[in-house]
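J.: got a sequence here, can you model it:
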Amino acid sequence: MTDRKVVIPGEVIFEGDDYLPGEGTEKRGKEIVAVRFGLAEESKNLVKVIPLSGVYIPRRGNVVIGKVENVTFNGWVIDINTAEGAFLSLMEVPRYVNKDELREVMDIGDMVVAKIYSINKRGIDLTVKLKGLGKLEAGLIISINSNKVPRVIGREGSMISLIKDETNCRITVGQNGLIWISGNKVEDELFAKKAILYVTENSSSSGLTDEMKKWFEENKEKKK
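T.: Numbers count the residues shown, from 1 in each chain. Below you'll find the model as predicted:
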């Protein structure tokens, strides 16, 4: 399969023993069948369906963007658009933090990019100890359907790399659908936002990266 195609539950994607069912699919006899609506994709004989609608389901290892909702005596409560609460412990910050100075590090309303390192009965535990994580100081935050995130990132990061190069912006895509854009000019940030929204609106199209290259050629002239 060179192009992704839109499939519906029950639709046969592949037949034969050469392929394995991945996320969003199941094996029925010799057929691999979609079990949800989305884009069918095959990579190294593994077939999966990328959903195009639905709510964000948190997974361990996801990088997410959230807003500080509350500051407690030992950390921060972060809203990451999930039913479960998310918590960032002061132990998961890459430097020593005095318990009396938590608000100086992050306060209510601040935005942060973090990684989910644990999901348990208490909720979701976050960390910002890794490179590229932490409080977001400036820039623009936009929100998209979390199920469109794989299309914004693209295969092996092709789409988001294209958008970064064409707009001269730093961009962090949260798996929960929040995206941070930071450029030297507000115009660049708004151009990147326009490009990302175009991707989400056309997420079911095949050959979208090539389409976006044409889009940038046309819209760069308009931007000037």
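
J.: need the next SSE after the strand or helix carrying Ile124, C-terminal direction.
T.: Assignment of secondary structure by DSSP states H and E places Ile124 within strand 123-127. On the C-terminal side of strand 123-127, the closest following helix or strand by DSSP H and E is strand 134-135.

J.: which other helices and strands does that next one contact?
T.: With contacts taken as 3 or more Cβ pairs under 8 Å, 6 or more residues apart in numbering; DSSP states H and E, strand 134-135 sits against strand 111-120. (Glycine included, C-beta is placed from N, CA and C.)

J.: so what's the residue count around Val164?
T.: In this structure residue 164 is Lys, not Val. Close neighbours of Lys164, defined as other Cβ atoms under 10 Å, add up to 17.

J.: secondary structure class for it?
T.: helix (DSSP: H, G, I helix; E, B strand; the rest coil).

J.: tell me the confidence at it?
T.: Turning to Lys164, the model gives it a pLDDT of 97.

J.: my guess is it meets Ile171, correct?
T.: Yes - using Cβ atoms under 8 Å, Lys164 is in contact with Ile171, at 5.5 Å.

J.: what stretches of this structure score poorly on pLDDT?
T.: Along the chain, the parts satisfying pLDDT under 70 run over 1-3, 52-54, 221-224.

J.: the domain parsing of it - what is it?
T.: Listed by automatic domain parsing, the domain ranges of the chain are 5-51, 63-135, 140-223.

J.: how close does the most centrally placed residue in the chain get to Gly10?
T.: Central residue check for the chain by Cα atoms, centre = their mean: the C-alpha nearest the mean position is that of Gln175, 2.9 Å away. Here Gln175 is placed at a distance of 28 Å from Gly10 (Cβ to Cβ, to the nearest Å).

J.: what do you get for Glu84?
T.: Between Glu84 and Gly10 the distance is 31 Å, computed by Cβ to Cβ.

J.: looking at these two, which is more packed in?
T.: Here Glu84 and Gly10 are set side by side on neighbour count (other Cβ under 10 Å), and the busier one is Glu84, at 13 against 9.

J.: can you point out the buried residues in stretch 69-83?
T.: Buried residues in stretch 69-83, defined by neighbour count with 16 or more other Cβ atoms under 10 Å: Val71, Gly75, Trp76, Val77, Ile78, Ile80, Asn81, Thr82.

J.: ugh, wrong one, I meant stretch 180-188
T.: Trp180, Ile181, Ser182, Gly183, Asp188.

J.: export these to a markdown table and tack on distance to Leu197?
T.: Formatted as a markdown table, the buried residues of stretch 180-188 follow (distance: Cβ to Cβ, whole Å):
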| residue | distance to Leu197 |
| --- | --- |
| Trp180 | 15 |
| Ile181 | 11 |
| Ser182 | 17 |
| Gly183 | 16 |
| Asp188 | 15 |
